[in-house]
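Novice: coords below, sequence missing:
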């Protein structure tokens, strides 16, 4: 009888340890999944926070660019328009001066006409900088052709342009963003890169529109975090984001730059 009780006790003890082992394993699995899930959630939260910070940086760069543009326009209006109109006003009052002879009247009148003409030319230039008329009237393709022609006319750089995209079917409100991206890239190539050859190519494959921009300028280390944070690059990136695209930018010292960006 004692042997049977001992055997039953051993069986019960074995079952107890097996159950204890299963419960322990179950608890370990629960803890493992809990902490794994917690880590995954934390990674996702960190990723979202990085995206939010990046979007804030892009928004900040856009605001800074807009503010600088406002200051430039205000300065242009003050220097090129307001100052000339002030002189026109002074000359107009001079015409009221008694006893002016015909030669003096003619001189003052010619002065007014000349200053008014210059003010008109400057106002057209400011309007052109804000929104090129050719872009508004004839579309992006014609706007890029004119931009390329302007740079080629300097004789310091040769810009080639190829296009396989029908921009007429592309939303007009997005034309200006692509135009400004190219403006920024071209200005950087000349001002900083001292490039003598630039290639711009638009292609369309599987309804994915792509622009490839290459220059033979001085180049720089594009892997440098400091170079990636330039206001110009942030401005370009924010415009590409608006276009629903992405980009790849590569550059090395003395090897020029290459930028490929996609847009929908």
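Specialist: Yes, it's here. Just so we're clear, the structure is a prediction, and the values are computed from it rather than from any experiment.

Novice: all strands of the stretch 101-250 of the chain, in order?
Specialist: 158-163, 197-205, 208-215, 247-251 (DSSP state E, counting those that start in this stretch).

Novice: list the buried residues for stretch 77-88?
Specialist: Under the neighbour-count criterion of 16 or more other CB atoms under 10 Å, stretch 77-88 has 80, 81, 84, 87, 88 buried. C-beta coordinates here come from the backbone N, C-alpha and C atoms, glycine included.

Novice: now do the buried residues in stretch 167-177.
Specialist: Buried-residue list, stretch 167-177, by 16+ other CB under 10 Å: 167, 170, 174, 175, 176, 177.

Novice: what's the lowest-pLDDT member of those residues?
Specialist: In terms of pLDDT, the weakest of those is residue 170, which scores 83.

Novice: and the strands of the stretch 101-250 of the chain, which is most packed in?
Specialist: strand 208-215 (a mean of 19; mean count of other CB atoms under 10 Å).

Novice: what's that strand packed up against?
Specialist: helix 175-191, strand 197-205, strand 257-263 (3 or more CB pairs under 8 Å, 6 or more residues apart in numbering; DSSP states H and E).

Novice: how does it look with 10 Å?
Specialist: If you count contacts as 3 or more CB pairs under 10 Å, 6 or more residues apart in numbering; DSSP states H and E, strand 208-215 packs onto strand 158-163, helix 175-191, strand 197-205, strand 247-251, strand 257-263.

Novice: residue 12: which of these is closest?
Specialist: For the helices and strands packed on strand 208-215, the distance to residue 12 is smallest for strand 247-251, at 68.3 Å, taking CB to CB.

Novice: by how many degrees do that closest one and strand 257-263 diverge?
Specialist: Interaxial angle of strand 247-251 relative to strand 257-263 (axes from the mean of the first three to the mean of the last three CA atoms, to 10 degrees): 180 degrees.

Novice: residues in contact with strand 247-251?
Specialist: The contact list for strand 247-251 (CB atoms under 10 Å, 6 or more residues apart in numbering) reads 181, 185, 193, 210-215, 217-224, 227-228, 233, 236-237, 239-241, 256-263.
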